[in-house]
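Colleague: Got a predicted structure plus its sequence, pasted below:
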Amino acid sequence: MASYSSNHLRLLSYTKLLTSHVNNGRHHQALSLFQHIHSSLSQCLDPFIFPLALKSSSFLRRPDIGASIHALAVKSSFVNSPFVACGLVDLYGKCVSIFSARQVFDEIPERNVVVWNSMISLYTHSKDMQSALNLFNAMDFPPNASTFNTIIMGFSEMENGIFDTLKFYRKMQETNIHPNLITLLGLLRAFVSVSALHLIKELHAFSIRNDIYPNSHLSSGLVEAYGRCGCLEKARFVFDSIKQKDVVAWSSLISAYALHGQAGKALETFEQMESQNVRADEITFLGVLKACSHAGLADVALMYFSRMNDHYGVGPNSDHFACLVDVLSRAGRLHEAYEVLRKMSTKATAKAWGALLGACCTFGEVDLAEISGRALLEIEPNNPANYVLLARIYGGWGRYEEAEKVRSEMVKRGINVSPGSSWVA
């Protein structure tokens, strides 16, 4: 009896340490500790340590270790525990395949709502909303707010998913399950995607009436939402109401000003952010560079682009490079823009080459226009607008033979022009 009590206390101590490792991202240490627990306390294991080890296996993308833990759970008769079952479904879905996760799910004899939610979440993350809905309709356990939130969030990330999002939200209301913060964040994402200002205002009012607002995540989302819709005063009002402004809130306001051409306010906001010792990230700098681009501030953009890497240690991605190319191109500094494209550390996007091509047409730079046009054809070989634009450029400069070659290449590839299509548009 004393030995059992001693082992039980050791297991509790190990479980606390294992939880700390997992929660703080020390996944290698977590798996080493789990192996030690198994070897030293194999007769006293409980189902609560298995999900922790499975989570670390999933994070490290080690399905082989996860499979061993699965076998041990079966041997220890813990595989029917909802906690273990949920961890197994998540592991196989993230590290093997959705099909494998569904096989594990189907073999679980007693599934609680957490297990159902785990499988539904895997479907929504893989954009398979139909399978998520089919599984929801097959539930033999009452859904909870997390069930609805998972599907609402999934629909909100789909193109033109706002109607399905609203439809499922109505279903949630009919079930008398009260929306929470996660529900509103999912709805807000859908509303922003179509700039549905009246729905954004309704959501804001609902959050106030139900004591969900203010919340930092929701407030930052509302700043972005009002900014996307052009309600900059409303965006600023929400921003000013945030007590602890993090980088997301500051970046949302900077992006809102940049989107509507108010470069001065965007850059002023960035300076205020620096004065508050909030460290900018890649999203912040993307807003700053867009503000410079819309205002034609090429030298200012170059300065911020340099500071981004040298002072903040933020490596530029393709969107940052596209903004820099755009602002240089608009200023007529075409060869500088081309050098940025030629030397950039990531693969140039169609957006970046398109910005240079458009400026080349404006400023009559024939050679760079041809290079840009050909680069676009390589990146998007099936986009008819690229062929049409390049052929028009050749034709406009009297190079009819090259124009005809582009059209012939288009026909050879079987690419048809959509009526009214244009790359520039």
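Modeller: Ah, there it is. Numbering: from 1, shown residues only.
Colleague: Pick out the residue nearest the middle of the protein.
Modeller: The centre of the chain sits closest to residue 157, judged by Cα atoms, centre = their mean, with a distance of 9.2 Å.
Colleague: In space, what's closest to that one - neighbours in sequence excluded?
Modeller: Using Cβ to Cβ, 6 or more residues apart in numbering and skipping the chain neighbours, the partner closest in space to residue 157 is residue 189 (7.0 Å). For glycine as for every other residue, the C-beta is placed from the backbone atoms N, C-alpha and C.
Colleague: ok, back up a step: the residue nearest to the centre of the chain and residue 116, how far apart?
Modeller: For residue 157, the distance to residue 116 equals 20 Å [Cβ to Cβ, to the nearest Å].
Colleague: need the next SSE after the strand or helix carrying the residue nearest to residue 157, C-terminal direction.
Modeller: According to DSSP states H and E, residue 189 maps onto helix 181-193. Using DSSP H and E, the helix or strand that follows helix 181-193 in sequence is helix 197-209.
Colleague: quick one: pLDDT of residue 1?
Modeller: Looking at residue 1, its pLDDT reads 46.
Colleague: what does residue 107 give?
Modeller: 90.
Colleague: That one - how many residues pack around it?
Modeller: When neighbours are defined as other Cβ atoms under 10 Å, residue 107 has 11 of them.
Colleague: same check, this time on residue 109
Modeller: When counting by other Cβ under 10 Å, one arrives at 7 neighbours for residue 109.
Colleague: Pull the contacting residues for it.
Modeller: residue 80 (Cβ atoms under 8 Å, 6 or more residues apart in numbering).
Colleague: Also the one 3 residues further on?
Modeller: Applying Cβ under 8 Å, 6+ apart, one finds that residue 112 lies in contact with 82, 141.
Colleague: Kindly report the same for residue 371.
Modeller: Per Cβ under 8 Å, 6+ apart, neighbours of residue 371: residue 338.
Colleague: next one: residue 45
Modeller: The neighbourhood of residue 45, defined by Cβ under 8 Å, 6+ apart, consists of 11, 37-38, 76, 78.
Colleague: Same question for residue 350.
Modeller: Contacts of residue 350 (Cβ under 8 Å, 6+ apart): 376, 379-380, 383, 386.
Colleague: Where neighbours are concerned, which of those has the most?
Modeller: Neighbour counts for the contacts of residue 350, by other Cβ under 10 Å, peak at residue 386, which reaches 26 neighbours.
Colleague: do you know how far that one is from residue 407?
Modeller: Where residue 407 is concerned, residue 386 sits at a distance of 12 Å (Cβ to Cβ).
Colleague: what's the lowest-pLDDT member of the contacts of residue 350?
Modeller: Ranked by pLDDT, the contacts of residue 350 bottom out at residue 386, which scores 81.
Colleague: Contacts only, for that residue.
Modeller: Contacts of residue 386 by Cβ under 8 Å, 6+ apart are 350, 373, 376-377, 380, 423.
Colleague: Among the residues you listed, find me the one that's closest to residue 173.
Modeller: residue 350 (42.3 Å; Cβ to Cβ).
Colleague: show me what contacts the closest residue to that closest one other than its chain neighbours?
Modeller: Leaving aside its chain neighbours, residue 350 sits nearest to residue 379 (4.9 Å; criterion: Cβ to Cβ, 6+ apart). Each residue near residue 379 by Cβ under 8 Å, 6+ apart is listed here: 348-350, 353.
Colleague: Ok, residue 271 next?
Modeller: By Cβ under 8 Å, 6+ apart, residue 271 has no neighbours at all.
Colleague: Buried ones in the helix or strand containing it, by neighbour count?
Modeller: When elements are assigned from DSSP H and E, residue 271 belongs to helix 263-275. If you call a residue buried by 16 or more other Cβ atoms under 10 Å, then helix 263-275 has these buried ones: 263, 265-267, 269-270, 273.
Colleague: could you give the mean pLDDT of that helix?
Modeller: For helix 263-275, the mean per-residue pLDDT is 97.
Colleague: now stretch 144-156
Modeller: 96.
Colleague: Please enumerate residues in contact with it?
Modeller: For stretch 144-156, contacts defined as Cβ under 8 Å, 6+ apart pick out 113, 116-117, 120-121, 123-125, 127, 129, 132-133, 136, 139, 161-162, 164-165, 168-169, 171-172, 175, 177-180, 182-183, 185-187, 189-190, 193.
Colleague: And the next helix or strand past the lengthiest helix in the chain?
Modeller: In terms of residue count, the longest helix belonging to the chain (DSSP state H) is helix 2-23. Note on helix 2-23: by DSSP H and E, the next helix or strand toward the C-terminus is helix 27-40.
Colleague: For that following helix, name the packing helices and strands.
Modeller: For helix 27-40, the packing partners by 3 or more Cβ pairs under 8 Å, 6 or more residues apart in numbering; DSSP states H and E come out as helix 2-23, helix 49-59, helix 63-75.
Colleague: Tell me the buried residues in stretch 76-87?
Modeller: Neighbour-count burial for stretch 76-87 flags 76, 78-79, 81-87 (criterion: 16+ other Cβ under 10 Å).
Colleague: Apologies, that question was intended for stretch 375-394.
Modeller: For stretch 375-394, the neighbour count (16+ other Cβ under 10 Å) marks 375-377, 379-380, 383-391, 393-394 as buried.
Colleague: Could you give the number of residues near residue 408?
Modeller: Counted with other Cβ under 10 Å, the neighbours of residue 408 add up to 11.
Colleague: Quick check: pLDDT value at the closest residue to residue 273 other than its chain neighbours.
Modeller: Closest residue to residue 273 apart from its sequence neighbours, by Cβ to Cβ, 6+ apart: residue 250 at 4.3 Å. Model confidence at residue 250, given as pLDDT, is 98.
Colleague: Could you count how many residues lie near residue 250?
Modeller: Residue 250, neighbours per other Cβ under 10 Å, totals 26.
Colleague: give the contact list for residue 391.
Modeller: Per Cβ under 8 Å, 6+ apart, neighbours of residue 391: 403-404, 406-407, 410.
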